[in-house]
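Trainee: Task: produce atomic coordinates for the following.
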Amino acid sequence: MANVAIQAVAYCLNYAHEMGALYGTTPMQERDSAQGREFSEKLGVAARNYDDTCAYAPNLAYIGDMTMGEFEQCARPFCDNLLPKAQRWGRYGEIMPEDEFIGLMQICDSFDLIRLEQAFADAVRRKLGEHPLVGEARIQKMQKGFALAEIERLVAEDHAIPLYFSGTLAGCCCSAHATDQNLHAHVMLENLASKAGATLALMHLVRNAGMLPEQIDFVVECSEEAAGDMNQRGGGNMAKAIAESAGCVNGSGFDVRGFCAGPVNALIAAAGMVASGIRKNVAVVSGGAVAKLYMNAREHLKKEVAPLENCLGNFAALVVPQDGVTPEMRLDAIGKHSVAAGASPQAITTALVYEPLTVAGLAFADVDKYAPELHIGDITLPAGAGNVPEANYKMIAALAVLKGQLERNEINDFVAKHGLPGFAHTQGHIPSGVPFIGHAVDAIRAGEMTRTMIIGKGSLFLGRLTNLADGASFMIEKAKAPEAPISTAAVKEALLSVLEEMANALDKDSGGAKP
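Mentor: Numbering: from 1, shown residues only. Next up, the predicted model:
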């Protein structure tokens, strides 16, 4: 079976404190409670600003400002040990400020739902005009802006929801339909934020790959948002909308959903198209989820720790035919969590880790690094969810012990050698393996690593249609040198040899008599 290659990746974060404080699910729920005002005030005081966000080690590891080796050496807890110099740009992408992100949302808005106040629009237009990827053509799509009184009227009278920057009303998001709840302003804000974040990641991906946007053949989108109206809730297609915004005029696309397993399944779907020859350059993209902003802030504020869920996470990866040089996504040993597999941690780990390793003829120790749910511990530990990556690595190690490939007293060493500290925001789908792809591809190219396994796990029961979980996995390996093509002369020589053997056999059967 042919493999495919991962040619390039992109990872971006969109700082979105004020958007999260207003429209994250937890802050919205708290505002409706008796303690709503107290919660909002505490969140405003405790929240990290943009500069601190750009000095936070997990964020810089995500956008590629540091290697995994450098990240692992950073002092912990990361939230108490900000780096001395804030960085917006990394080799994979950037951390975009909130005002620029609001402007990008307006650029990606095809139905004029994002209305920006005049002075804010002018300021953002100037800033985005200096962005290396946005370009003049996109800047021209920005509206001229509206009077503050008109923004206030839309919010007060026309079901629009406000957008703030630095505590000042900067614009609003309008509803796309008078009565359809699926096109309500809040839903449109979530979808436009996801579209804009994915567009930013796709633009970075095209640049990182050294390509033109029109060379992208197909886009597979795998966020957790649902685009549609009352007659086809979640019908899609976010992928094609993102391709349009990123200038991929020769591309098309479709969406893949599966909660946290979505990105891995999307990459497998993209790989299938490329390996079969149906498509050549397939981009897998995802934008972040506004609902997940400050998702655990309730527990963070109770324990007086920094509420860090202030960024929308986005990624993109380019899947292309194998070339014998670029690190490859192996397709003959894909992990699959079947209906009958069972929902226990051991059953899931068996399906997603042990079974594909067995098919490939590999042992647990043959994978240099495993990349399961890479949540940031500073976020999950005070929220009561524990150290999620470490728990996954201990389960993999325990299964290796059960299968006779590891001694019990070697579990901690296995975790240290084959594990990774979490560095991805709790954006649901974003942490599940995919943040490590860029680091893994770079390490394999540099000869520092041979193989990684990317693991995605999804909580399907959240949709209340099944009690099942889901999951998928695949390995990325050092490229195998392509087999040398057989020359015409070699084929001719082989045929002549076969014909000579046949003639000799006939001669022997006939006793030497010539026919």
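
Trainee: quick one: contacts for residue 151?
Mentor: 115, 117, 160, 162, 169, 171, 172 (C-beta atoms under 8 Å, 6 or more residues apart in numbering). C-betas here are computed from N, CA, C, even on glycine.

Trainee: how about the strands in the stretch 251-400 of the chain?
Mentor: In the stretch 251-400 of the chain, the segments counted as strands under DSSP state E, counting those that start in this stretch are 252-255, 282-286, 311-321, 328-336, 369-371.

Trainee: Filter the contacts of residue 151 down to the buried ones, ChimeraX style.
Mentor: Typed into ChimeraX, the next command selects the buried ones out of those (criterion: 16 or more other C-beta atoms under 10 Å):
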select :115,117,160,162,171,172
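
Trainee: which one of the strands of the stretch 251-400 of the chain lies closest to residue 424?
Mentor: Residue 424 lies closest, by C-beta to C-beta, to one member of those: strand 311-321, at 6.4 Å.

Trainee: Which strands and helices lie in contact with that closest one?
Mentor: Applying 3 or more C-beta pairs under 8 Å, 6 or more residues apart in numbering; DSSP states H and E, one finds that strand 311-321 contacts strand 4-15, helix 185-208, helix 262-276, strand 282-286.

Trainee: Could you identify which of the ones you listed is most buried?
Mentor: Each of the helices and strands packed on strand 311-321 was scored by mean neighbour count; the highest is strand 282-286, a mean of 31, by mean count of other C-beta atoms under 10 Å.

Trainee: how does the protein divide into domains?
Mentor: Annotated domains of the chain cover 4-113+175-477, 488-515 [automatic domain parsing].

Trainee: mean pLDDT lowest for which of these?
Mentor: For the domains of the chain, mean pLDDT drops lowest on domain 488-515, to a mean of 68.

Trainee: tell me the two of the contacts of residue 151 that are most distant?
Mentor: Using C-beta to C-beta, the contacts of residue 151 span at most 12.4 Å, a distance reached by 117 and 160.

Trainee: all helices for the stretch 351-500 of the chain, in order.
Mentor: Here the stretch 351-500 of the chain has its helices, by DSSP state H, counting those that start in this stretch, at 355-360, 377-380, 388-402, 411-418, 437-445, 488-509.

Trainee: tilt between the third one and helix 411-418?
Mentor: The reference is to helix 388-402. Put simply, helix 388-402 runs at 120 degrees to helix 411-418, going by axes from the mean of the first three to the mean of the last three C-alpha atoms, to 10 degrees.

Trainee: Now helix 388-402: buried residues?
Mentor: Buried, per 16+ other C-beta under 10 Å, within helix 388-402: 388, 389, 392, 393, 394, 395, 396, 397, 398, 399, 400, 401.

Trainee: Show me what that helix is packed against.
Mentor: When contacts are defined as 3+ C-beta pairs under 8 Å, 6+ apart, helix 388-402 packs onto helix 345-349, strand 369-371, helix 377-380, helix 411-418.

Trainee: Same check on the fourth one?
Mentor: Under the contact criterion of 3+ C-beta pairs under 8 Å, 6+ apart, helix 411-418 touches helix 388-402.

Trainee: I would like the residues contacting the helix it packs on, please.
Mentor: Helix 388-402 is touched from outside by 345-346, 349-350, 353-354, 364-365, 370, 372-375, 377, 380, 406-408, 410-411, 414-415, 418-422, 431, 455, with contacts defined as C-beta under 8 Å, 6+ apart.
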